[in-house]
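S.K.: After the sequence you'll find the predicted model.
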Amino acid sequence: MRRLMLVLAATALLAACSDDDTANSGGAGGANAGYGAGGVSASNLNGGAGGAGGSGMLAPGVPDRVLFTTARSALAPEAQSILGKQAGWLHSNSVAVQIAGNCDERGTEEYNLALGERRANAARDYLVAHGVQASRISTISYGKDRPVALGSDEASWAQNRNAITMPAGGR
């Protein structure tokens, strides 16, 4: 039943999208060893539909998400570059943000909630280490409950292994 609801929600979101949003949407593609098999890169962050989708951007030129390899919460160099852009934007804007840690569908609910928390905390810790006040950042883990891309393949899983930064209170 839950999967059916996700599919229906994704269909509704896709129907509401305009053709003008193609610059921020992609799918699985592009090779990027920093993100493992599946080839998701910073220029291809918003490939699918789902609860954690959004525009793919925190602000113009500032991606809202970083991606992770399977079962890991370590920040790859490209993730650090994206978080550096986020830190710069946060220095110029007094906005509170929430970082949501997400996982692909594999693994138990408990495992994925803990992994999502580690991913959100890794992103938060990077921002704090780069001068963003910790009091402006909250974290949450959705585990595998809010996929960006629906599908049971490596391309979808690669997109769903992420930490998404958004203004506090959501979008």
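M.R.: Happy to help now that I have it.
S.K.: Longest helix of the chain, counting residues only.
M.R.: When the chain is parsed with DSSP state H, its longest helix is helix 109-129.
S.K.: which residues are contacting that helix?
M.R.: Here helix 109-129 makes contact (C-beta atoms under 8 Å, 6 or more residues apart in numbering) with 66, 68, 71, 73-75, 79-80, 83, 86-87, 90, 99-103, 107, 134, 137, 139-144, 161-163, 165. C-beta coordinates here come from the backbone N, C-alpha and C atoms, glycine included.
S.K.: can I assume I164 sits in a helix?
M.R.: No - I164 is assigned strand when assessed by DSSP: H, G, I helix; E, B strand; the rest coil, not a helix.
S.K.: What about the closest residue to it other than its chain neighbours, how many residues nearby?
M.R.: Counting by C-beta to C-beta, 6 or more residues apart in numbering, I164 lies nearest to R65, which is 4.4 Å off, once chain neighbours are set aside. Using other C-beta atoms under 10 Å, R65 has 28 other residues around it.
S.K.: so after the worst-scoring helix or strand of the chain on mean pLDDT, what's the next helix or strand?
M.R.: Using mean pLDDT, DSSP states H and E, helix 2-16 stands out as the lowest-scoring helix or strand of the chain, at a mean of 42. Toward the C-terminal end, the helix or strand that comes next after helix 2-16 (DSSP states H and E) is strand 57-59.
S.K.: What are the buried residues along that next one?
M.R.: 58-59 (16 or more other C-beta atoms under 10 Å).
S.K.: again, but for stretch 132-141
M.R.: 132, 137, 139, 141.
S.K.: Pull it out as PDB, backbone CA atoms only.
M.R.: Output of stretch 132-141 as PDB, limited to C-alpha atoms (Å, rounded to 0.1, in the frame of the first residue of the first chain):
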ATOM      1  CA  VAL A 132      28.000  28.200   9.700                       C
ATOM      2  CA  GLN A 133      26.500  28.500  13.100                       C
ATOM      3  CA  ALA A 134      25.400  25.100  14.400                       C
ATOM      4  CA  SER A 135      22.200  26.800  15.900                       C
ATOM      5  CA  ARG A 136      21.100  27.500  12.300                       C
ATOM      6  CA  ILE A 137      21.200  23.800  11.200                       C
ATOM      7  CA  SER A 138      18.900  21.000  12.200                       C
ATOM      8  CA  THR A 139      19.100  17.500  10.900                       C
ATOM      9  CA  ILE A 140      16.600  14.700  10.400                       C
ATOM     10  CA  SER A 141      16.800  11.200   8.900                       C
END
